[in-house]
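Colleague: coordinates only, no sequence provided:
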Ligand code: DGY
């Protein structure tokens with residue numbers, strides 16, 4: 001375990017560039033929004049200065065309207081597609097003048113990451129001082145979400161691209177692809193030169209991904225136009241749970257800092273409305289857990305995925321609902337031949353245990369589940385999630401994702417995607433300390 005912890009720290013240190021971390025070499029050579037946040041949690045355990053820099057650099061790329069992009073292209077490299085020239089973030093009038101980026105965002109983890117850094121810190125007054133210097137930017141990011149991404153004023157924000165969800169090629173999106181017919185684009189993928197194509201999205205899926213961006217670009221990434229026209233417009237339970245969790249953290253941190261009653265009041269208003277709508281709209285009684293809602297086509301997307309259980313981390317479900325979620329999770333995802341927690345329903349015919357977000361286990365979702373289960377008193381199951389995570393890493397290394405079937409780990413390597421992957425290392429360090 002000690003050797004593995006040392007290796008985890010090495011992974012993080014090697015992936016730290018000038019003030020920010022890459023998720024892993026070649027496959028993801030820039031700064032990614034939610035990766036950065038989760039990486040800072042790992043650094044906080046042994047190098048708080050790097051954790052602070054990570055967040056500072058991320059927030060430095062914030063746009064005038066509070067938006068934070070999903071990728072910040074700090075460097076030039078041809079190992080990634082689609083890069084800065086494709087995304088053209090400068091089309092948006094309020095885009096950062098300093099950095100080139102994408103024109104889409106990712107799950108808003110920054111608020112709760114700051115609170116985690118404070119929890120981990122051995123010098124809390126110093127960390128709180130640091131938080132004071134960045135917290136208003138995170139507040140302004142939340143303001144962006146609630147004022148620009150909620151066209152029906154429900155307290156639930158939309159995502160307009162599968163890459164905004166973080167769960168890039170989830171089978172849930174298949175229903176949306178079925179409503180679209182994008183052109184066959186000509187482009188050169190780079191991801192499949194680094195990673196086996198069987199572990200990555202298909203060419204046709206990429207056509208959809210690019211098409212949505214083309215539509216957004218035609219309208220200079222205008223939020224209003226995107227809400228009106230994007231064929232992909234979804235209320236995602238993972239994304240909204242991250243926002244709610246971060247809201248809660250901002251409230252706690254502003255109270256610690258003091259003298260911010262107006263912001264606390266506004267955050268509390270957003271929070272109350274969000275949690276209420278989340279419970280009214282996204283809980284599926286029959287499935288017993290939370291699901292996605294397709295806002296473009298006005299219909300629920302009734303599938304179970306690891307995102308269905310993430311609301312535990314944000315304290316969204318009642319005790320009764322939490323009990324139902326845990327039952328379903330253990331019943332469908334938690335058999336003794338499986339590692340917790342597959343990213344998609346293992347009993348579904350769309351499940352694929354090797355393909356990116358169509359089934360493999362991801363360390364970041366497991367980390368959220370571990371915390372969520374503990375918060376609701378399911379300590380034994382939380383412990384299993386922790387142990388499963390440690391085992392799959394010990395068996396294979398710090399991969400991006402892992403096969404959920406135990407048998408696959410007996411047969412050989414069952415770690416997939418990028419190796420020496422930063423958030424797998426970062427959250428492993430945090431899990432070990434719990
Ligand atoms: C990719 O390129 O697959 C990234 O996950 C997009 O964010």
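Modeller: Perfect, I can see it now. Just so you know, these numbers come straight off a predicted model, no measurement behind them. Residues are numbered from 1 along each chain as shown.

Colleague: need the contact partners of the top helix by length along the chain.
Modeller: If you go by DSSP state H, the chain has its longest helix at helix 124-148. Residues from elsewhere that reach helix 124-148, judged by C-beta atoms under 8 Å, 6 or more residues apart in numbering: 48, 52, 55-56, 59, 62, 65-68, 108, 110-111, 114, 117-118, 121, 155, 157, 223, 243, 246-247, 250, 253-254, 256-257, 263, 267, 270. Heads up, the C-betas are built off the backbone N, CA and C, glycines and all.

Colleague: in strands, which of those appear?
Modeller: In strands, defined here by DSSP state E, there are no members of the contacts of helix 124-148.

Colleague: circling back to that earlier point, is the next helix or strand after the longest helix of the chain in proximity to the ligand?
Modeller: Once the chain leaves helix 124-148, the next helix or strand it forms, by DSSP states H and E, is helix 162-165. Yes - counting by C-beta under 6 Å from any ligand atom, the ligand is contacted by helix 162-165 at residue 163.

Colleague: give me the contact list for helix 162-165.
Modeller: Contacts of helix 162-165 (C-beta under 8 Å, 6+ apart): 70, 102, 104-107, 159, 168-170, 173, 208-209, 212, 232, 234, 236, 238-239, 307.

Colleague: let's go with 10 Å and repeat that
Modeller: The contact list for helix 162-165, computed with C-beta atoms under 10 Å, 6 or more residues apart in numbering, reads 32-33, 70-71, 82, 102, 104-107, 149, 158-159, 168-170, 172-173, 176-177, 201, 205, 208-209, 212-213, 232, 234, 236-239, 292, 307, 357.

Colleague: in whichever helix or strand comes after that helix, what's buried?
Modeller: Using DSSP H and E, the helix or strand that follows helix 162-165 in sequence is helix 174-177. Of the residues in helix 174-177, 176-177 count as buried by neighbour count, 16 or more other C-beta atoms under 10 Å.

Colleague: average pLDDT for helix 174-177?
Modeller: Average pLDDT, helix 174-177: 98.

Colleague: which parts of the chain sit against the ligand?
Modeller: 70, 163, 168, 191.

Colleague: what about the third one, how many residues close to it?
Modeller: In this case it means residue 168. 17 (other C-beta atoms under 10 Å).

Colleague: ok, the first one next?
Modeller: The local packing of residue 70 (other C-beta under 10 Å) involves 22 other residues.

Colleague: show me what residue of the stretch 51-200 of the chain gets nearest to the ligand.
Modeller: residue 163 (4.4 Å; C-beta to the nearest ligand atom).

Colleague: how many residues are close by that residue?
Modeller: 22.

Colleague: what pLDDT does it get?
Modeller: Per-residue pLDDT puts residue 163 at 98.

Colleague: returning to that earlier point: need the buried ones from the contacts of helix 124-148 selected in PyMOL.
Modeller: The buried subset of the contacts of helix 124-148, as determined by 16+ other C-beta under 10 Å, is captured in PyMOL by this line:
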select buried, resi 48+52+55+56+59+62+65+66+67+68+108+110+111+114+117+118+121+155+157+223+243+246+247+250+253+254+263+267+270
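
Colleague: of the contacts of helix 124-148, which belong to helices?
Modeller: Under the assignment DSSP H, these contribute 48, 52, 55-56, 59, 110-111, 114, 117-118, 223, 243, 246-247, 250, 253-254, 256-257, 263, 267, 270 to helices.

Colleague: contacts only, for residue 346.
Modeller: Counted by C-beta under 10 Å, 6+ apart, residue 346 has contacts 304, 332-335, 337-338, 353, 359, 404-405.

Colleague: please pick the buried ones from the residues you listed.
Modeller: Using 16+ other C-beta under 10 Å, the buried ones in the contacts of residue 346 are 304, 332-334, 338, 353, 359, 404-405.

Colleague: out of the residues you listed, which is nearest to residue 75?
Modeller: Distances from residue 75 to the buried ones among the contacts of residue 346, taken as C-beta to C-beta, are shortest for residue 359 (32.6 Å).

Colleague: not counting residues beside it along the chain, what's closest to the closest one?
Modeller: residue 353 (4.3 Å; C-beta to C-beta, 6 or more residues apart in numbering).

Colleague: was I right to think that neighbour contacts residue 337?
Modeller: No - using C-beta atoms under 10 Å, residue 353 is not in contact with residue 337; the gap is 11.3 Å.

Colleague: in the stretch 201-350 of the chain, which residue sits closest to the ligand?
Modeller: Of the residues in the stretch 201-350 of the chain, the one nearest the ligand is residue 201, at a distance of 7.2 Å by C-beta to the nearest ligand atom.

Colleague: tell me which element that residue is part of?
Modeller: Residue 201 belongs to no helix or strand, assigned by DSSP H and E.

Colleague: quick check: buried residues in the longest helix of the chain?
Modeller: By neighbour count on 16+ other C-beta under 10 Å, the buried set for helix 124-148 is 127-128, 130-131, 134-135, 137-146, 148.

Colleague: again, but for stretch 91-111
Modeller: Using 16+ other C-beta under 10 Å as the test for burial, stretch 91-111 gives 92, 95-96, 99-111.
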